[in-house]
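K.L.:
predicted structure and sequence below. I'll ask about it afterward.
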Amino acid sequence: MAEYIVKENALRAFFQALAQERRLLAPVRVGGKLQMAEARPEEVTLDYGNTHQSPKSAFFPQTERLMAFHKDTAQSDPFVYKPLGLDKITPTVLFGLRPCDAQGLAICDQVFQNDRFTDPYWKTKYESSIKIGLACDQPGPACFCTAVGGSPYGEAGLDALAAVKDAGLALKAITEAGAEFLKKLPGLESGAAESELAERRKAVESKMPGPLDQAKVAAGAILDIFNQPHWKDTADRCLNCGTCTFVCPTCHCFDIQDEQNDKGGVRMRNWDTCMSWLYTVHGTGHNPRPTKTERMRQRFLHKLKYIPLKQNGQSGCIGCGRCVTLCPVNIDIREVAKQMNG
Ligand code: SF4
Ligand code: SF4
């Protein structure tokens, strides 16, 4: 696959070329926080740990209008429906995705399009985007991608991977789509990026945590893990605020609501959280997850047992560390994983 070196003095032109080719999403500072957001070439930063929120909102926004409907009593079906947005999706390039986040998007991709369901909103955006990763040479204190099968130089879910080199970039294509896209950019200089990336991958991985032992969780019966005694202790601390789910790159739950009046309305999809009591309450008032213990347990079982069962052993946690850093009561998924495996 093609390899390139982008020198420091050619960086601005590189980002300009990306922005000319497609809508550019990249790490930028928004209100003092790093976010993966629409970026002007001069705003893109290479010097960052991880974005505050995960990049999942590029394909699965916090709030999304799916469809509009209005009443037309002259028709045999008095409601007229019109899908929204699918014809307005702009081809996008994401530059600077951390490898853990790209892996997270690949996990969501299997949820939103698989042999049983296809979500056209996700599919259209995800498949029309080019994803260029930026490897981590200085993973943050809460990062643990290597403990859950990833790498700061991981390639899953990416079309190309870059690393900062002499304040510029070493860049290689990973997929055919990535190679084709990079080939079209004017002024890119070929250069030996592959060996540089491989060497640096080894160096940074050697400083990262080793695999988290999840053998007993993998082999154990769900009911046994379900009934472990530690859940209540963790749940007693949890506020059920949902922060961990909203910032997580692999959490993908949503609620659909019609906002309407007697003439018509809009069907909205909004992020939801399994930490909320309302999330599982039935129309009858019965709630199968009535206390924090059931809700807390669900989140960890989903990440560490159910997703691996459905996705060939792939952990549903990709070790980005966001929930570890942002949980207001310091609940740490690594500690819970150890208790589950205990
Ligand atoms: S962020 Fe912490 S307190 Fe809030 S729901 Fe998640 S585990 Fe509970
Ligand atoms: S569970 Fe926490 S550490 Fe794991 S991917 Fe989600 S936010 Fe990141």
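P.N.:
Nice, I can see it. Ligands and ions are numbered 1, 2, ... in the order given.
K.L.:
get me the contact residues on the stretch 151-300 of the chain for ligand 2.
P.N.:
247, 248, 249, 250 (C-beta under 6 Å from any ligand atom). Backbone N, C-alpha and C define where each C-beta goes, glycine included.
K.L.:
taking those one by one, which sit in helices?
P.N.:
Among those, the ones falling in helices (DSSP state H) are residue 247.
K.L.:
and of the residues of the stretch 151-300 of the chain next to ligand 2, the nearest to ligand 1?
P.N.:
Relative to ligand 1, the closest of those is residue 247; by C-beta to the nearest ligand atom it sits at 8.4 Å.
K.L.:
okay, now the domains of this structure?
P.N.:
Per the record, the chain has its domains at 3-205, 215-341, by automatic domain parsing.
K.L.:
does the shortest one reach ligand 1?
P.N.:
Yep, that's domain 215-341 we're talking about. Yes. For domain 215-341, a contact with ligand 1 is found by C-beta under 6 Å from any ligand atom, at 238-244, 275, 323, 327-329, 331.
K.L.:
which residue lies farthest from the center of this protein?
P.N.:
Distance from the C-alpha centroid of the chain, by C-alpha atoms, centre = their mean, peaks at residue 74 (45.1 Å).
K.L.:
that residue and residue 80, how far apart?
P.N.:
10 Å (C-beta to C-beta, to the nearest Å).
K.L.:
could you give the average pLDDT over whichever helix or strand residue 16 is part of?
P.N.:
Secondary structure assignment for residue 16, by DSSP states H and E: helix 11-21. The average pLDDT within helix 11-21 is 95.
K.L.:
report the buried residues of the next helix or strand after that helix.
P.N.:
Using DSSP H and E, the helix or strand that follows helix 11-21 in sequence is strand 23-30. Buried residues in strand 23-30, defined by neighbour count with 16 or more other C-beta atoms under 10 Å: 23, 24, 25, 26, 27, 28, 30.
K.L.:
which one of those residues is nearest ligand 2?
P.N.:
So of those, ranked by how close each gets to ligand 2 (C-beta to the nearest ligand atom), first place is residue 27, at 16.8 Å.
K.L.:
quick check: buried residues in stretch 190-202?
P.N.:
Those would be 191, 193, 196, 197, 200, 201, for stretch 190-202 by 16+ other C-beta under 10 Å.
K.L.:
what lies in contact with stretch 225-241?
P.N.:
Residues from elsewhere that reach stretch 225-241 (C-beta atoms under 8 Å, 6 or more residues apart in numbering): 217, 275-277, 291-293, 295-297, 301, 305, 328-329, 331, 336, 339-340, 342.
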